[in-house]
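A.B. asks: no sequence for this one, just the structure:
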């Protein structure tokens with residue numbers, strides 16, 4: 001790592017547990033007794049938790065382009081939610097010297113009852129503290145996202161691709177010090193995909209940080225230099241992107257041989 005670069009995100013044994021509520025009295029016996037008694041019996045709620053991230057320690061540096069690699073459920077999305085502040089730590093520490101703007105499915109930008117217009121307006125107000133220039137911004141969002149009149153419909157009516165295109169358009173209009181994208185720029189038609197890649201190339205020229213999660217090796221090679229390989233909520237490899245992709249492929253091949 002170049003000595004000229006400064007760590008912007010420092011994680012030390014960062015652990016995230018997600019609480020899950022379960023009904024301990026929801027048994028066959030309890031259901032039978034409830035039906036005979038004709039009344040609802042008391043239910044004891046017990047809190048359990050799922051270990052989403054396990055003792056993560058790493059440093060992310062100024063201007064870095066980092067790939068998050070791993071199978072579904074390995075911890076990539078949880079990692080993005082943690083560094084962007086959506087998930088709070090259960091233990092360990094995180095030190096951030098940069099704001100992380102996440103683009104993930106059902107992120108804080110997307111509230112399904114709002115219209116696309118409402119989301120665009122709220123995002124613009126957060127970024128600018130006023131609506132000066134909003135009409136120009138709105139025209140850009142409609143043109144770039146390609147969702148047209150759907151902008152004025154509730155987000156719950158959007159397809160996954162439309163929601164992703166809107167969120168990408170909102171996030172990349174302004175310059176950010178750190179973008180975190182989760183499997184989204186490849187969603188949608190080829191025309192939007194090309195526009196999204198062009199916009200990312202422009203963003204990278206500004207020396208902003210990029211955290212990109214994708215199953216596409218070609219996409220990761222296009223934009224990233226470093227790779228973090230995740231498994232069961234832990235980082236099991238951290239190094240140059242080509243080395244990380246090779247490690248991931250070899251690990252998958254070893255598991256496949258072991259199982260079959």
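C.D. replies: Received, thanks. Owing to the predicted nature of the structure, the values given are computational and were not obtained by experimental measurement.
A.B. asks: Confirm that residue 19 lies within a strand, as I assumed.
C.D. replies: Yes. Judged by DSSP: H, G, I helix; E, B strand; the rest coil, residue 19 forms part of a strand.
A.B. asks: Run through the bridge partners of it.
C.D. replies: Bridge pairing for residue 19 (DSSP bridges) gives the partners residue 49.
A.B. asks: so what pLDDT did it get?
C.D. replies: For residue 19, the pLDDT comes out at 83.
A.B. asks: What ranges does the chain have for its strands?
C.D. replies: Here the chain has its strands, by DSSP state E, at 7-23, 45-61, 65-69, 91-96, 101-103, 178-182, 209-213, 226-231, 234-240.
A.B. asks: Okay, buried residues for the last one please.
C.D. replies: In terms of neighbour count (16 or more other C-beta atoms under 10 Å), strand 234-240 has its buried residues at 234, 235, 236, 237, 238. Every residue, glycine included, has its C-beta placed from N, CA and C.
A.B. asks: before we move on, what about the second one?
C.D. replies: For strand 45-61, burial by neighbour count (16+ other C-beta under 10 Å) applies to 51, 52, 53, 54, 56, 58, 59, 60, 61.
A.B. asks: which helices and strands sit right next to that strand?
C.D. replies: Applying 3 or more C-beta pairs under 8 Å, 6 or more residues apart in numbering; DSSP states H and E, we find strand 45-61 packed against strand 7-23, helix 76-83, strand 91-96, strand 209-213, strand 234-240.
A.B. asks: To residue 118, which of those lies closest?
C.D. replies: If you check each of the helices and strands packed on strand 45-61 against residue 118 by C-beta to C-beta, helix 76-83 wins as the nearest, at 23.0 Å.
A.B. asks: and the buried residues of strand 45-61 as CSV, adding pLDDT and distance to residue 112?
C.D. replies: Converted to CSV, the buried residues of strand 45-61 look like this (pLDDT from 0 to 100; distance: C-beta to C-beta, whole Å):
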residue, pLDDT, distance to residue 112
51, 92, 28
52, 93, 23
53, 95, 26
54, 95, 31
56, 96, 30
58, 96, 33
59, 96, 36
60, 96, 31
61, 94, 36
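A.B. asks: Among these, find me the one that's closest to residue 120.
C.D. replies: Taking those together and measuring to residue 120 by C-beta to C-beta, the closest member is residue 60, at 29.2 Å.
A.B. asks: For the closest residue in space to residue 225 that isn't next to it in sequence, list each beta-bridge partner.
C.D. replies: In space, and not counting its chain neighbours, residue 225 is closest to residue 65: 5.2 Å by C-beta to C-beta, 6 or more residues apart in numbering. When assigned by DSSP bridges, residue 65 has beta-bridge partners residue 210.
A.B. asks: shouldn't residue 65 be in contact with residue 203?
C.D. replies: No. Applying C-beta atoms under 8 Å as the test, residue 65 and residue 203 come out as separate, 10.2 Å apart.
A.B. asks: Please identify every residue contacting each of those two.
C.D. replies: Common neighbours of residue 65 and residue 203 (criterion: C-beta atoms under 8 Å, 6 or more residues apart in numbering): residue 210.
A.B. asks: need the helices and strands packed on strand 45-61 in a markdown table with distance to residue 227, can you?
C.D. replies: A markdown table is the format used below for the helices and strands packed on strand 45-61 (distance: least, C-beta to C-beta, whole Å):
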| stretch | distance to residue 227 |
| --- | --- |
| strand 7-23 | 16 |
| helix 76-83 | 11 |
| strand 91-96 | 20 |
| strand 209-213 | 10 |
| strand 234-240 | 7 |
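A.B. asks: can you tell which of those is closest to residue 115?
C.D. replies: helix 76-83 (24.8 Å).
A.B. asks: List the contacts of that closest one.
C.D. replies: By C-beta under 8 Å, 6+ apart, helix 76-83 touches 9, 11, 14, 16, 52-53, 56, 60, 68-70, 87, 89, 94, 96, 100, 102, 104, 180, 182, 211, 213, 228, 230, 233.
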